[in-house]
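Q: sharing a model prediction with you, sequence too.
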2 protein chains.
Amino acid sequence: MNIGAAATQTGLPVKTIRYYEEIGLVTPDRRANGYRDFSAACVEQLRLLAQARHLGFSLEECRRLLALSADEDRASRDVRALAQQNLEAVREKIASLTALEAQLEGLIAQCHGDDAPDCAILDELMGLRGD
Amino acid sequence: MNIGAAATQTGLPVKTIRYYEEIGLVTPDRRANGYRDFSAACVEQLRLLAQARHLGFSLEECRRLLALSADEDRASRDVRALAQQNLEAVREKIASLTALEAQLEGLIAQCHGDDAPDCAILDELMGLRGD
DNA sequence: ACTTTGCCTTCCAGCTACTAGAGGGCTTAC
DNA sequence: GTAAGCCCTCTAGTAGCTGGAAGGCAAAGT
């Protein structure tokens, strides 16, 4: 299968697939004319990559997921641990963004938002140290 | 004031301050020996940068905030609009991360997490298209 | 006077995860 | 034969820094 077909099959852009090969996440065969030739197994790996990236796994985590998926003797515990780790990272991001949201709301509420130049937002940003 | 002092005053790393100069966010004076010399006004700009970055503003948004803070004839409406825009971006990020969290929780719940190799997480990542 | 320490300088490289574009070759249909 | 549409590699750019090399300057100790 050509790279274009692999792209439509997986939803990944062609350039992204080439990049994944460059960093060693997938290793498609090559035909005589130099074109990449993607096996069904290779497309499945790409599909895993697309899904895992979609779920917020980093490429290094994806690399480990691929290794686990290729390992017949894996323990599902290890896969779960990776997912759990990712979940905790996601939760941390949510927590800090939520704190941010509250701070921004507070600032916005204090600012008149009219034609006058005096602005509580700028005052706080420059004057006080909110950390 | 030397860059080191400006760094401790603002909480920004020295390298970051140099970077901000490089991209034209601040323009400290220079002494005869080539050292940067930060005026009080310049340190205030750095403080604004530190705070605004902390609140999730992009550097381009920070640039506009600095321009507004320097403009005596600004309308606080414009500052507010920038903050509002940032708030909405934050909210969008929270929403998509929350969706992610739910998906991950669902996957993790389905996986036994034991010594056996069969794993619902890998199955879903490879087989189905969850998008 | 000399040395050490620590601050300052510039420049180059690298991080994540791509993305855009240049410049070219192959394949297929008309 | 040629035009369209695929494929190839290589370089450089994105955001926002961060680390390190290689060297100059300043203040303090001996």
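A: All right, it came through fine. Numbers count the residues shown, from 1 in each chain, chains lettered A, B, ... in the order given.

Q: drop to CA atoms for contacts and neighbour counts, all remaining ones
A: Noted.

Q: which one is the residue with the largest distance to the centre of chain A nearest to, not counting chain neighbours?
A: Relative to the C-alpha centroid of chain A, counting by Cα atoms, centre = their mean, A:Ala116 is the outermost residue, at 42.3 Å. Distances taken as Cα to Cα, 6 or more residues apart in numbering or on different chains place B:Ala75 nearest to A:Ala116, at 5.1 Å, with adjacent residues excluded.

Q: thought A:His112 was touching that neighbour, still the case?
A: No - B:Ala75 is beyond contact range of A:His112, at 9.8 Å (criterion: Cα atoms under 8 Å).

Q: tell me where the model's unsure across chain A.
A: Across chain A, the ranges flagged by pLDDT under 70 are A:128-131.

Q: point me to the residue of it nearest DNA strand C.
A: As assessed by Cα to the nearest atom of the strand, DNA strand C sits closest to A:Ser58 within chain A, at 3.4 Å.

Q: and that residue, how far is that from A:Asn86?
A: Per Cα to Cα, to the nearest Å, A:Ser58 is found 9 Å from A:Asn86.

Q: so between the two, which is more surrounded?
A: Legend: neighbour count by other Cα atoms under 10 Å in any protein chain shown for A:Ser58 and A:Asn86, higher for A:Asn86 (19 against 14).

Q: just the C-alphas of stretch A:10-30, formatted as CSV.
A: Below are the C-alpha coordinates for stretch A:10-30, written out as CSV (Å, rounded to 0.1, in the frame of the first residue of the first chain):
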residue,chain,number,x,y,z
THR,A,10,-5.5,6.0,9.2
GLY,A,11,-6.5,9.6,9.0
LEU,A,12,-2.9,10.7,9.4
PRO,A,13,-1.3,13.2,7.0
VAL,A,14,1.3,11.9,4.6
LYS,A,15,3.9,14.1,6.1
THR,A,16,3.2,12.9,9.6
ILE,A,17,3.6,9.3,8.5
ARG,A,18,7.0,10.1,6.9
TYR,A,19,8.0,11.8,10.2
TYR,A,20,7.0,8.7,12.2
GLU,A,21,9.2,6.6,10.0
GLU,A,22,12.0,9.1,10.3
ILE,A,23,12.0,8.8,14.1
GLY,A,24,11.7,5.0,13.9
LEU,A,25,8.1,4.5,15.0
VAL,A,26,7.2,2.6,11.9
THR,A,27,9.4,0.9,9.3
PRO,A,28,7.5,0.3,6.0
ASP,A,29,9.1,-1.7,3.3
ARG,A,30,10.4,-0.1,0.1
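
Q: counting neighbours, which bits of that stretch end up buried?
A: By neighbour count with 16 or more other Cα atoms under 10 Å in any protein chain shown, stretch A:10-30 contains the buried residues A:Thr10, A:Leu12, A:Ile17, A:Arg18, A:Tyr20, A:Leu25, A:Val26, A:Thr27, A:Pro28.

Q: got those as TSV, with distance to B:Met1 columns?
A: Putting the buried residues of stretch A:10-30 into TSV (distance: Cα to Cα, whole Å) gives the following:
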residue	distance to B:Met1
A:Thr10	56
A:Leu12	51
A:Ile17	50
A:Arg18	49
A:Tyr20	47
A:Leu25	49
A:Val26	53
A:Thr27	55
A:Pro28	57
